[in-house]
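Participant: here is the input, now give the coordinates:
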Amino acid sequence: MEEQTHETLPPDIADRLLELLSTSDVFRAKFQRDPAGALHDIGHEPAARMRGKRPFKGQPYYCLTGELASKEEIRRSREALKQYLTQRANHTVVFHFGCAEAGPVLRGN
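Facilitator: From the prediction side, this is the model:
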């Protein structure tokens, strides 16, 4: 695996992540401070190597940094986000966690 990539998420971890991002202010704050740590806390073991580190451009989990979309936007886009998070591919789409209109971007509208 290249240094700048990270593991895809198993479906159960992706579900838990999206559930918490769409409901929990405490988890959202943790995710914004330490995305890898938040993922590790919900069971994604590969994130342990970046736990507590603020990733910079080119490092794993960098694409998870930045302002999050609203809880409602994540709820509306949940299935599309899950599909992208669990596919073995580049996770560029995760940048859309911060998009004001993640749903249309993810659906290609």
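Participant: buried stuff in stretch 21-30?
Facilitator: 21, 22, 27, 28 (16 or more other C-beta atoms under 10 Å). Where C-beta positions appear, they are placed from N, C-alpha and C, glycine not excepted.
Participant: in helices, which of those appear?
Facilitator: 21, 27, 28 (DSSP state H).
Participant: just give me the closest of those to residue 41.
Facilitator: residue 27 (8.4 Å; C-beta to C-beta).
Participant: all helices for this protein, in order.
Facilitator: For the chain, the helices defined by DSSP H occupy 11-21, 25-33, 35-41, 71-76, 78-86, 102-107.
Participant: now do the third one: which elements does it pack against?
Facilitator: Yep, that's helix 35-41 we're talking about. helix 11-21, helix 25-33 (3 or more C-beta pairs under 8 Å, 6 or more residues apart in numbering; DSSP states H and E).
Participant: need the ones you listed in CSV (columns: distance to residue 80 and mean pLDDT).
Facilitator: Supplementary listing: those in CSV, determined by distance: least, C-beta to C-beta, whole Å; pLDDT from 0 to 100:
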stretch, distance to residue 80, mean pLDDT
helix 11-21, 10, 94
helix 25-33, 19, 92
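Participant: so which of these gets nearest residue 49?
Facilitator: helix 11-21 (15.9 Å).
Participant: same list (the helices and strands packed on helix 35-41) but as CSV, adding distance to residue 71.
Facilitator: Below are those laid out as CSV (distance: least, C-beta to C-beta, whole Å):
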stretch, distance to residue 71
helix 11-21, 7
helix 25-33, 8
